[in-house]
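Trainee: With the sequence up front, the predicted model follows.
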4 protein chains.
Amino acid sequence: MKKIPASCINQVVQPRPPESHKGTFGRVLVIGGNAQFGGAAIMAASAAVYSGAGLVSVATDPVNHTALHARLPEAMVIPYDDPELKKLIPTMDVVAIGPGLGIDELAETILTRALEAVTESQTLIIDGSAITLIADRQLMLTHAKTVWTPHQMEWQRLSGITIKAQDEHSNQQAAAKLPGTVIVKSHRTQIFTPTTSYENPLGTPAMATGGMGDTLVGILAGFTAQFGLNDAALCAAVYTHSAIAEALAKTNYVVLPSALIQQLPQYMQQAATTRA
Amino acid sequence: MKKIPASCINQVVQPRPPESHKGTFGRVLVIGGNAQFGGAAIMAASAAVYSGAGLVSVATDPVNHTALHARLPEAMVIPYDDPELKKLIPTMDVVAIGPGLGIDELAETILTRALEAVTESQTLIIDGSAITLIADRQLMLTHAKTVWTPHQMEWQRLSGITIKAQDEHSNQQAAAKLPGTVIVKSHRTQIFTPTTSYENPLGTPAMATGGMGDTLVGILAGFTAQFGLNDAALCAAVYTHSAIAEALAKTNYVVLPSALIQQLPQYMQQAATTRA
Amino acid sequence: MKKIPASCINQVVQPRPPESHKGTFGRVLVIGGNAQFGGAAIMAASAAVYSGAGLVSVATDPVNHTALHARLPEAMVIPYDDPELKKLIPTMDVVAIGPGLGIDELAETILTRALEAVTESQTLIIDGSAITLIADRQLMLTHAKTVWTPHQMEWQRLSGITIKAQDEHSNQQAAAKLPGTVIVKSHRTQIFTPTTSYENPLGTPAMATGGMGDTLVGILAGFTAQFGLNDAALCAAVYTHSAIAEALAKTNYVVLPSALIQQLPQYMQQAATTRA
Amino acid sequence: MKKIPASCINQVVQPRPPESHKGTFGRVLVIGGNAQFGGAAIMAASAAVYSGAGLVSVATDPVNHTALHARLPEAMVIPYDDPELKKLIPTMDVVAIGPGLGIDELAETILTRALEAVTESQTLIIDGSAITLIADRQLMLTHAKTVWTPHQMEWQRLSGITIKAQDEHSNQQAAAKLPGTVIVKSHRTQIFTPTTSYENPLGTPAMATGGMGDTLVGILAGFTAQFGLNDAALCAAVYTHSAIAEALAKTNYVVLPSALIQQLPQYMQQAATTRA
């Protein structure tokens, strides 16, 4: 298994083309945040905006509208049970579904609608409760380009491999049966693409706090919206997430997702202007 | 086409008169922000407050009241479908309509009411969905002093000139048919007044993110409220917007509208106390 | 008319007694903030908390609850039309009524209730719309120790003296007819106590922005809650408000109330630990 | 009575184990925040998150959901009168009940439910109105490991000892009749465990402001979630709270709970990486 090299950041995060507009940097839709877990969608959307996605929308429980806007006026918002969601999805470059979505019937309905609405040309990131739902209910999979972001317990549910037995070989085999790429989040996150695998050399226990996974989803959405869906972009997103956390962890016992998100524009600019 | 000179800032942003009160610096009303695009109105209003408008009110969907106040207690707020809006408009110096307004029937009703209520002595800034609505529905124009702030696609809708064909000559001709001044936003924003035209020498692709246009609308509102509606004030607003963004872009891969807005008071004070 | 001396700050803002608790520093109630002007109550309450009042409650339109807590979890809140208000008022040391209260029937009802409920031992600060209501409707005055904080137009309504004619002598005479102290806010704020008068030597046009008066009300509430109702405390509150604004105005073209409020704890600590 | 030694911080706040996840650092539930005192629950939850608890949930009046998420997207939230609360409680490591809960019938119902639902293996922190309710209504006590955090008036209600008579001996005797540990908050907070007692050598009158006690509850929850329920962890939490306040009080006349909470990650990292 290859280690993600530090140089992936510089390779991916390039100076922006001068003649560009917000459409150039991609449209992201985050679907998630029920009444209990609204913060998850807020953090994912914030990470997408702060990592440079051109336009970010959030489909969430209406109870989360105001908190989202109070923190992030840069995002747009619609109720996640709005039938218009089906028309909104095809206008997106990246759809990230799952952060704080929950696993009740409404969540399943929304997930099913989203899986039906996404198209082959779009990137679909499947996270959190959406993974659990797919594992439990055997939902029909999609033709979109898919990225799965389970933590180890969700990966157990999805792959059938217990956490203890999740070694490189078993994971690679199980990932190969799924469409797209699987990112198994742990203290050393691993990425399994259809052809190869990568391990994140970074990560700190200061990241072990609620919302850190949602933040990674937002960075993955922001990076694939701008830099396309490819191994380098995924590696760079995972690496960026941990590199910022490690830097903050030098002076912080716990790294809050909100604090990490704030650092994205500066970290990325350093990557764009220096060579590893 | 003249380049906007850096000196326009110093010329316009002068030290304030000692014996003044908030009325001296103008009353601004931002009309916009439906349930989906509330952030647009919040960012425009924030930019108006932070650029020094004396009093800023927002007419918006009630769902946005709380997020607005959570970010900007300095603003006042009324529901945008409140019939009182017609009485409020004539008490303003500057009305900016369009950020996040949407293009549905309610949006058209509100726009129509506003166009009827504004008077000759007021400055009316027409942005975003309001431009699209006027282009589509051929709404009756107003006698207010008008500033249009289309991005290139909105300018295509309004002028009939495709983005590719939007050169200086065609733009100037089309702008001349409209009352007031047209500011075509792009990576090199252009200003077409009834008599001449200016090009913004600044601008960075780090500005290509959702809400950046709404922020310019707020700065234009703040500047015309304080410094009057004249070429210099419009040029200074456009220049200020990009100059702050360029400064932030040195260390930020993407410049968030919220971050830009925070810098307005400092940037303007520097302009007021130094010579170009 | 005496100038407020810089030394008043050091005289008033003394190191706190070691054996104290939040009750030692006073209970403040801010009554204000209707659906349109909610920010006024938020800013007044914030200034009271940041200037050191021990406990701050806000009675406001319920639509403002969430924005208040999102900015200031340190405050407590009840609906301003809650009949319990009458029971809450007598438990307070300082009641500040008026910021954003409005002048409709509900506002009058609330003001009347408050005027009835306050007692002789309490300080009552009457601001903004509450002044206009009292001037217009000839409401029965209270036996509380009263501080009036009109701006020049509100002072005209209350005193009958036109802004132009508001000179020291006329103001002093008109103030003498009212119970308590009158603080006429302008670019050089004047304080008229029953026996003497003071002029604020500070103040900057960067303060001419919405919410600045509400902020002064909060500082007055915080200071009288901690330091008692006396000339020195009122002078120190007015001086502090302008001194912070002048400091910020060196680098800010406009001084936002939110920014001023943030500086209160540091400014006051400097006053408590240095001699003028 | 022993003074809490500065070294307790270093002893307790150790570098985190590398192979950990958010579950490693404990699940905290804050129950509190009625419609009037919502800020108390927000501050307690914030302190729990910023002191490093792995996952923090809040059961509160629904009116507080949005303000909580606007400040702290890292937390999860359910209505405090949701019958699901009984199922949620047993999944927690630490339950803190009381901040802003109130003392009405609903508060009593919720408290009774919580006391029934907690189990022997869980830590239960009882604060504020929950103490008053237990003192007044003689509610059945729980088998959870209990920490009481009364201020002096609440301790009077609970112990029957008037504030004046609250000396070391009487307090120790009264505490011994209660299950668990009693932390009597004052300008020199005292901790009474079943076998011994400690006095906090730190504390500043700048802490005498609303919300400071709620903040301590959150730190106690965060510390016991991570470091277990033991004398050292409780001492370290009390000490940390005051040590940060003393540091901030050097430059702030009043220390706002929000400001204190922000400093937790840095203060704890310093403790984890230096020796006293």
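Mentor: Yes, it's here. Numbering: from 1, shown residues only, chains lettered A, B, ... in the order given.

Trainee: Could you use CA atoms for every contact and neighbour count after this?
Mentor: Fine.

Trainee: Quick check: residue A:204 touching residue A:186?
Mentor: No - under the criterion of CA atoms under 8 Å, residue A:204 makes no contact with residue A:186, lying 10.2 Å away.

Trainee: These two: who's more crowded?
Mentor: residue A:204 (24 against 18; other CA atoms under 10 Å in any protein chain shown).

Trainee: Spatially, what comes nearest to that one if we skip its sequence neighbours?
Mentor: residue A:246 (6.1 Å; CA to CA, 6 or more residues apart in numbering or on different chains).

Trainee: The helix or strand hosting the one you found: which residues count as buried?
Mentor: Assessed by DSSP states H and E, residue A:246 sits inside helix A:231-249. Across helix A:231-249, burial judged by 16 or more other CA atoms under 10 Å in any protein chain shown covers A:231-246, A:248-249.

Trainee: One more: stretch A:207-227?
Mentor: By neighbour count on 16+ other CA under 10 Å, the buried set for stretch A:207-227 is A:207-227.

Trainee: So what does the residue nearest the centre of chain A have for phi and psi?
Mentor: Residue closest to the average C-alpha location in chain A (CA atoms, centre = their mean): residue A:217, at 1.7 Å. Torsion angles at residue A:217 (phi, psi; degrees, to the nearest 10) stand at phi -60, psi -40.

Trainee: residues contacting it?
Mentor: Residues in contact with residue A:217 (CA atoms under 8 Å, 6 or more residues apart in numbering or on different chains) are A:44, A:47, A:96, A:125, A:127, A:149.

Trainee: Check the last one and give its pLDDT.
Mentor: Yep, that's residue A:149 we're talking about. We have a pLDDT of 98 for residue A:149.

Trainee: so who does it touch?
Mentor: By CA under 8 Å, 6+ apart, the neighbours of residue A:149 are A:125-128, A:182-185, A:217.

Trainee: What's the separation between it and chain B?
Mentor: Computed as CA to the nearest CA, to the nearest Å, the residue A:149 to chain B distance reads 25 Å.

Trainee: Next up, the contacts around residue A:254.
Mentor: Applying CA under 8 Å, 6+ apart, the residues contacting residue A:254 are A:205-209, D:50-52, D:265.

Trainee: Can you tell me which of those residues is nearest chain B?
Mentor: Of all the contacts of residue A:254, chain B sits closest to residue D:50, with 21.6 Å by CA to the nearest CA.

Trainee: looking at it, that closest one is touching residue D:264, isn't it?
Mentor: Yes - counting by CA under 8 Å, residue D:50 does reach residue D:264; the two are 5.9 Å apart.

Trainee: Looking at these two, which is more packed in?
Mentor: More crowded of residue D:50 and residue D:264, by other CA under 10 Å: residue D:50, with 27 against 24.

Trainee: Surely residue A:116 forms part of a helix?
Mentor: Yes - secondary structure assignment places residue A:116 in a helix (DSSP: H, G, I helix; E, B strand; the rest coil).

Trainee: Spatially nearest residue to it (excluding sequence neighbours)?
Mentor: Excluding the flanking residues, the one nearest residue A:116 by CA to CA, 6+ apart is residue A:142, at 6.9 Å.

Trainee: Surely the one you found and residue A:114 touch.
Mentor: No - using CA under 8 Å, residue A:142 is not in contact with residue A:114, being 9.1 Å away.

Trainee: Of the two, give the one with the bigger neighbour count.
Mentor: Comparing residue A:142 with residue A:114 by other CA under 10 Å, the one with more neighbours is residue A:114, at 21 against 17.

Trainee: Look up phi and psi at the closest residue to that one other than its chain neighbours.
Mentor: Closest residue to residue A:114 apart from its sequence neighbours, by CA to CA, 6+ apart: residue A:86 at 6.9 Å. Per-residue torsions, residue A:86: phi -60, psi -30 (degrees, to the nearest 10).

Trainee: burial count for residue A:86?
Mentor: Neighbour count of residue A:86, defined by other CA under 10 Å: 17.

Trainee: Same check on residue A:110?
Mentor: Every residue meeting other CA under 10 Å relative to residue A:110 is counted, giving 23.

Trainee: distance of the closest residue to it other than its chain neighbours from chain D?
Mentor: In space, and not counting its chain neighbours, residue A:110 is closest to residue A:81: 6.6 Å by CA to CA, 6+ apart. Separation of residue A:81 from chain D (CA to the nearest CA): 19 Å.
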